[in-house]
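Enquirer: Quick one, structure for this:
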Amino acid sequence: EHAVDDGHNHANNIPTKTSLDSILKANVAPIEHTDKFAEMVIQDYDGRMKPIHTYASEMLRKLSKHDTYEGLNATQVFLSIQESPLLWYNIPIIYLTPRKADSIRSIIGVDKDQKYVSLLDFFTDDGRNKLGPYIEEAFKAQVPNGFQKEVKNTYGRLTLLSDAIEGRNIRIFPLPDDENYKWISSFDFKQGDYDEILKDESYKAFVKNGFSFYLMTLNNAKQSGDFENADKLLGDFKKTQQKYGSEVMLSDDKIKAEILYNKYDVFKKLFSWYLYAATLLFIFIIVHIFDYKSKWLKIVIKILVGVILLLFALHTGGLIWRWYLSGHAPWSDAYESLIYVAWSVSLFGLLLGRKSNLTIAASAFVSAIILMVSHWSWMDPAIANLQPVLQGYWLKIHVSVIVASYGPFAIGMILGAIALLLMILTNKENKERININIKEITIINEMALTVGLVMLTIGNFLGGMWANESWGRYWGWDPKETWALISI
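Expert: Sure thing, here's the model as predicted:
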């Protein structure tokens, strides 16, 4: 018999989010064990080898636009999906864009102000996807409209969650002697024809039932409090991966390095640190212009410049760290290009501003803004395999030069804006001091633009050489090449 306040929605017998979350938290695996589970290597759909910690973080971020769910970390969420798949049909974790996805909300029958929905919300009682006809139209459209783009994005989240619920993405079992180094899941084994490929009967049985047995063992461990057998099974998974997938298996050092990279999330933190340091430095420099005899102001300015130098060193270390994890130069996609441009701005700001604190403050501020944009919801910070066209040494040469040229141009832009601001602040008392600063940043501005132009020109010539090597012609007058020439 039900009470009014028992946590259930009696109108349609669908449990409330509160009751679902309480069930979830009561059954979640302890963090001591999930930390070990997080180190297990998995192969994603693009073929990249990564710790489950990385895969779970990327999955949760794509599903919900957050790094945690109700205080649970991404690995706990991912493991819970494997343990309690039916529960996750009901949990509202799928993000719908405010306003843009209102049409989708109307189709699936949820309130316009509902930001998160469950997988079950997308299906009728007889199992049909409510978005079915719209998904087909969206993928057929050569130039999708706004609604169709939202449908495609939402369908991507649906597929991601349903694959996790069904166990499709637990690709932890290497195929021995496969020329593409393919790994499969237990789901893949049951759906595909792998009997002839997997000749070792014991390994075949392990691929078929190993992960299910691990989940059963884990459930028993949560009841008894003894996780020795569950931990041992994780070790067995690792041994089979090293035995049958040694060609692409990650080293322990690389696994730990990637998990640390995920946890510290250096570039996301750098945005606010750069912004605070640059804003404070700019304020104190302006005050110092009016009170140029103050000794304590000079000390504070030197300390803040030192802080920006430390942040730049951290930024450099973050790029090297990402390079080590990805195996390629960290400027291969939109996200990496932005964090690299931000680094370029800081580098040239420090080089050109050795005797101009205003330039250092300005460059740090621009770096902060670029890093902020790189972490907006439509940017994907995931480390990915290189696209075929980018494989080779030209990524390190052409792309590095031409993308780095944006740094000096950005410095020129911000210094021009600061010069205009200083002109506005000019009066009879400070005219002489401000004019010195304006002349100083004007000279640096010209130097920055010159450096940027030289780098952009060299980069374009290198691009022509790359085009000739790839396509047999130096120049094709396509839009990208044309506008690159116009920029020069």
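Enquirer: Need the contact partners of stretch 472-482.
Expert: 463-465, 467-468 (Cβ atoms under 8 Å, 6 or more residues apart in numbering). C-beta coordinates here come from the backbone N, C-alpha and C atoms, glycine included.
Enquirer: Adding distance to residue 238, neighbour count and pLDDT as columns, could you present the residues you listed in CSV?
Expert: Supplementary listing: the contacts of stretch 472-482 in CSV, determined by distance: Cβ to Cβ, whole Å; neighbours: other Cβ atoms under 10 Å; pLDDT from 0 to 100:
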residue, distance to residue 238, neighbour count, pLDDT
463, 44, 21, 87
464, 48, 17, 87
465, 45, 13, 88
467, 45, 18, 83
468, 46, 12, 84
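Enquirer: quick one: average pLDDT of stretch 140-157?
Expert: When pLDDT is averaged over stretch 140-157, the result is 93.
Enquirer: Relative to residue 257, which of the contacts of stretch 472-482 is nearest.
Expert: Nearest to residue 257, judged by Cβ to Cβ, of the contacts of stretch 472-482 is residue 463 at 32.8 Å.
Enquirer: pretty sure the closest one is in contact with residue 400, am I right?
Expert: No. Residue 463 is beyond contact range of residue 400, at 11.9 Å (criterion: Cβ atoms under 8 Å).
Enquirer: residues near residue 388, how many?
Expert: Residues contacting residue 388 under the criterion other Cβ atoms under 10 Å number 7.
Enquirer: what's near enough to touch it?
Expert: Contact partners of residue 388, counting by Cβ under 8 Å, 6+ apart, are absent.
Enquirer: Roughly how far does it sit from residue 247?
Expert: Distance of residue 388 to residue 247, given as Cβ to Cβ, to the nearest Å: 20 Å.
Enquirer: Name the nearest residue to the residue nearest the centre of the chain, ignoring sequence neighbours.
Expert: When the chain is reduced to its mean C-alpha position, the closest residue under Cα atoms, centre = their mean turns out to be residue 381, at 1.9 Å. If the residues on either side of it in the chain are set aside, residue 381 comes closest to residue 335, at 5.0 Å by Cβ to Cβ, 6 or more residues apart in numbering.
Enquirer: separation between that neighbour and residue 325?
Expert: 14 Å.
Enquirer: ok, back up a step: which residues does the residue nearest to residue 381 contact?
Expert: By Cβ under 8 Å, 6+ apart, the contact list for residue 335 reads 374, 379-381.
Enquirer: Could you do residue 129 as well?
Expert: Residue 129 sits next to 122-123, 135, 158 when contact means Cβ under 8 Å, 6+ apart.
Enquirer: How about residue 440?
Expert: The contact partners of residue 440, by Cβ under 8 Å, 6+ apart, come to 355-356, 358.
Enquirer: that older thread, my read: the residue nearest to the centre of the chain touches residue 334, true?
Expert: No. With contact defined as Cβ under 8 Å, residue 381 and residue 334 do not form a contacting pair (9.9 Å).
Enquirer: okay, residue 10: pLDDT?
Expert: The predicted structure scores residue 10 at 39 on the pLDDT scale.
Enquirer: Quick check: next helix or strand after the helix or strand hosting residue 302?
Expert: Residue 302 is part of helix 295-326 when elements are defined by DSSP states H and E. Of the helices and strands lying after helix 295-326 in sequence (DSSP H and E), the nearest is helix 334-352.
Enquirer: And the next helix or strand past that following helix?
Expert: In the C-terminal direction from helix 334-352 (assignment by DSSP H and E), the next one is helix 357-374.
Enquirer: Averaged pLDDT, that following helix. What do you get?
Expert: Mean pLDDT, helix 357-374: 95.
Enquirer: do the same with stretch 471-486
Expert: For stretch 471-486, mean pLDDT rounds to 83.
Enquirer: From start to finish, how long is it in a straight line?
Expert: Distance between the two ends of stretch 471-486: 22 Å, counting by Cα to Cα, to the nearest Å.
Enquirer: which of the residues in stretch 251-263 are buried?
Expert: Of the residues in stretch 251-263, those buried by neighbour count under the rule 16 or more other Cβ atoms under 10 Å are 254-255, 257-259, 261-262.
Enquirer: So which of these are in strands?
Expert: The subset of those located in strands under the criterion DSSP state E is empty.
Enquirer: does the residue sitting furthest away from the middle of the chain sit in a helix, a strand or a coil?
Expert: Seen from the C-alpha centroid of the chain, the residue lying at the greatest distance (Cα atoms, centre = their mean) is residue 428, 50.8 Å away. Secondary structure assignment for residue 428 (DSSP: H, G, I helix; E, B strand; the rest coil): coil.
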